[in-house]
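Chemist: turn this into a structure:
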Amino acid sequence: MDKQTLSFQAEVKQLLYLVAHSLYSNKEIFLRELISNASDACDKLRFEALNDNSVYEDQPNLEVRVGFDSNAKTITISDNGIGLSADEAIANLGTIAKSGTREFMDRLSGDQKKDAQLIGQFGVGFYSGFIVADRITVESRRAGLKPEDGVRWSSEGTGDFQVETITRDKRGTDVILHLRDSDAEFLSSWKLKSIISRYSDHISLPILMRKEEWNQEKGEYVQKDEWETVNQAAALWTRAKSELTEEQYHDFYKQLSYDTEPPLAYTHNRVEGRSEYTQLLFIPAKAPFDLWNRDKRGGVKLYVKRVFIMEDAEALMPVYLRFVRGVIDSADLPLNVSRELLQESRDVKAIREGSTKRVLAMLEDLAENQKDRYDAFWKEFGAVLKEGVGEDHANRERLAKLLRFASTHADEGVSFADYVSRMKEGQEAIYYITADTLAAARNSPQLEIFRKKGIEVLLLADRVDEWMLSHLNEFDGKPLQSVAKGAVDLGKLQDEEEKKKAEETASAIKPLLDRLKEALKDKAKDVRVTTRLVDSPACLVSEEGDMSGHLARLLKQAGQSAPDSKPVLEINAEHALVKRLDGSERFDDLAHILFDQALLAEGGQLDDPSAYVRRVNTLLAG
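Modeler: Residues are numbered from 1 along each chain as shown. Alright, predicted model coming up:
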């Protein structure tokens, strides 16, 4: 191929501009990214060699080399991995197919524009070289191709790049960075070694640099032809826990996840028995931007006998723990395992169950011994953990103990155990209410009798709560009961005199109830007197077995159909507005206003807002 000049994809042009002008808070990140890419290339070769050992050619030992030339002002990162063909160089280095690129660039353009840590998170790490270089040359040959099929790619990081065919004896890739004068500080063995030690020490391949010796005549260190390994060259998870410091775990996590903060917690274990594997799992401190994408694959990398097999192996961790990051290295799985085989493997099922229990044990330890850290976890990931109540029957009881809520007695952090310990003498149920927001739940008229009697009610406002509660009926033998379902029955907490008075009132105003039922027959399933209201005139409740109004609204918002079940209107016979109904000339208007206000109070939407406004205006004017 003669030398060709090609244009970058539009997104690459924008990305390169942002890299050159925004990513300057932590320039040394470029070396981490390019070494990581080189390691990935070696992993890909090792994986391809499972089916075709000839790709090793005459270089069976995989490695990464980092060199520099002070006179030429270049840094070269070399690997003997899978390499690139000419077509792959054009496709991989000139375009970005990754869907997260737009999100990445939006982030760089916003408050985090100086955060170079982000670049690896979206698979665009190669371009980090332009943080320090005004020109990058890539020379490569794909394993299995002839020497004359090598390729040279070069660009100054502006609008275009050049590609030409070269002869290259060795497979693999050299990335040559031509540094700007302002970044000459990186032309130092000490500087490069310190960056490698900080970011890439865990890379399981040897990272080599030339040895140096002091030249008395020149008064400086000079490079020798001899190379030495400058990293541990052993996968961190294969090392004994006693050898590792918390800082090393944190650095590994940051490299693995592209997070800027240390993890909230981690666990490192070797499991032996029916299935042998090593797990190193982390719980992040902050939720990722795509946490709510249930289709996104998990954050656990799969290795088999220290050979990298698969990124984001979702079969190793349940969906509700998709925020977990880490590595699982199996001694039993075949090296050619596929995603399909992962779904069916008994060994994988054992790993999944063991890893799930290990994560839950981490969370239980935080909840019991580090309450502040667990509270921080719950704010970030609590709503996702709730999904597990319906998805993981085997661990439902453990998950129930980890749940936290707001309540009428506390703003946040209430566990079921806390609630049960504060239950009133004679109280038989755990009471809760669901709503669109915490404010709507806290101010619901359905809580008035509970507040009057000092009975605690859990306030649930996450979208997942209604679904979760359909799978969780009790805790510690105490049934969970919605305050918005069925007739209020406080059992032993309600004295006989109150019950008798309610029955007498219902009998006395039966004609009024009948008129209300007739006026609201298209809206309400029934109208009845209630003891749950103290200050409000009316509220809506669902019959036992019917779908709540809150769940019906959630389904409609999600574009799904909901059963057309009418609510029950409960009225407070002592309220002035209810008393005004009897004998009013505008009975029907008042009846509809009463219903509509109850619907608004629970967060519902009126079918005909203009009719409601018209009725209220008529009453105000009259």
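Chemist: low-confidence stretches in the stretch 501-622 of the chain?
Modeler: 545-546, 549-563, 622 (pLDDT under 70).
Chemist: which residues in it form strands?
Modeler: In the stretch 501-622 of the chain, the strands defined using DSSP state E, counting those that start in this stretch lie at 526-529, 538-541, 568-571.
Chemist: neighbouring contacts of stretch 437-455?
Modeler: Under the criterion CB atoms under 8 Å, 6 or more residues apart in numbering, residues 406, 408, 424, 427, 431, 433-435, 456-457, 459-461, 483-484, 488, 490, 493, 531-536, 538-539, 541, 598, 601-603 lie in contact with stretch 437-455. Every C-beta, even on glycine, is put in place using the N, C-alpha and C of the backbone.
Chemist: next step: these restricted to helices.
Modeler: Counted as lying in helices by DSSP state H, out of the contacts of stretch 437-455, are 598, 601.
Chemist: drop anything exposed from the contacts of stretch 437-455.
Modeler: Among the contacts of stretch 437-455, those buried by neighbour count (16 or more other CB atoms under 10 Å) are 406, 408, 427, 431, 433-435, 456-457, 459-461, 483-484, 488, 490, 493, 531-534, 536, 538-539, 541, 598, 601-603.
Chemist: can I see the domain layout of this structure?
Modeler: 4-229, 236-377, 494-621 (automatic domain parsing).
Chemist: endpoints of the second one, how far apart?
Modeler: The one in question is domain 236-377. 25 Å (CA to CA, to the nearest Å).
Chemist: quick one: low-confidence parts of the stretch 301-450 of the chain?
Modeler: Residues of the stretch 301-450 of the chain that meet the cut-off, pLDDT under 70, sit at 336.
Chemist: dump the residue contacts of the closest residue to residue 528 other than its chain neighbours.
Modeler: Nearest residue to residue 528, sequence neighbours excluded (CB to CB, 6 or more residues apart in numbering): residue 570, at 5.8 Å. By CB under 8 Å, 6+ apart, the residues touching residue 570 are 527-530, 532-533, 538-541.
Chemist: and of those residues, the nearest to residue 343?
Modeler: Nearest to residue 343 out of the contacts of residue 570 is residue 541 (CB to CB; 44.0 Å).
Chemist: partners of the closest one in the sheet?
Modeler: The partner list for residue 541 in beta bridges (DSSP bridges) reads residue 568.
Chemist: so residue 383 sits against residue 460, correct?
Modeler: No: using CB atoms under 8 Å, residue 383 is not in contact with residue 460, being 10.5 Å away.
Chemist: what about residue 582, neighbour count?
Modeler: 11 (other CB atoms under 10 Å).
Chemist: any idea how far residue 334 lies from residue 6?
Modeler: Between residue 334 and residue 6 the distance is 41 Å, computed by CB to CB, to the nearest Å.
Chemist: then residue 567?
Modeler: Distance from residue 567 to residue 6, by CB to CB: 65 Å.
Chemist: between the two, which one's more packed in?
Modeler: residue 567 (24 against 13).
Chemist: next, the contact list for the more buried one, please.
Modeler: Contacts of residue 567 (CB under 8 Å, 6+ apart): 524-525, 540-542, 549.
Chemist: let me know the closest of those to residue 377.
Modeler: residue 549 (31.7 Å).
Chemist: list the buried residues of stretch 139-153.
Modeler: Neighbour-count burial for stretch 139-153 [16+ other CB under 10 Å]: 139-145, 149-153.
Chemist: and for stretch 264-272?
Modeler: Applying 16+ other CB under 10 Å to stretch 264-272 flags 264-268, 271 as buried.
Chemist: of the residues you listed, which belong to strands?
Modeler: 265-268, 271 (DSSP state E).
Chemist: could you dump these to JSON lines with distance to residue 308 and pLDDT?
Modeler: Converted to JSON lines, those look like this (distance: CB to CB, whole Å; pLDDT from 0 to 100):
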{"residue": "265", "distance to residue 308": "25", "pLDDT": "95"}
{"residue": "266", "distance to residue 308": "20", "pLDDT": "96"}
{"residue": "267", "distance to residue 308": "21", "pLDDT": "96"}
{"residue": "268", "distance to residue 308": "18", "pLDDT": "96"}
{"residue": "271", "distance to residue 308": "20", "pLDDT": "92"}
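Chemist: so which of those residues is the closest to residue 130?
Modeler: residue 266 (33.3 Å).
Chemist: quick check on the nearest residue in space to the closest one that is not next to it in sequence: phi, psi?
Modeler: Nearest residue to residue 266, sequence neighbours excluded (CB to CB, 6+ apart): residue 282, at 4.6 Å. Dihedral angles phi and psi of residue 282 (degrees, to the nearest 10) take the values phi -130, psi 140.
Chemist: residues near residue 282, how many?
Modeler: The number of residues packed near residue 282 is 29, by other CB under 10 Å.
Chemist: next: residue 358.
Modeler: 17.
Chemist: please, which helix or strand holds it?
Modeler: For residue 358, the element it lies in under DSSP states H and E is helix 346-369.
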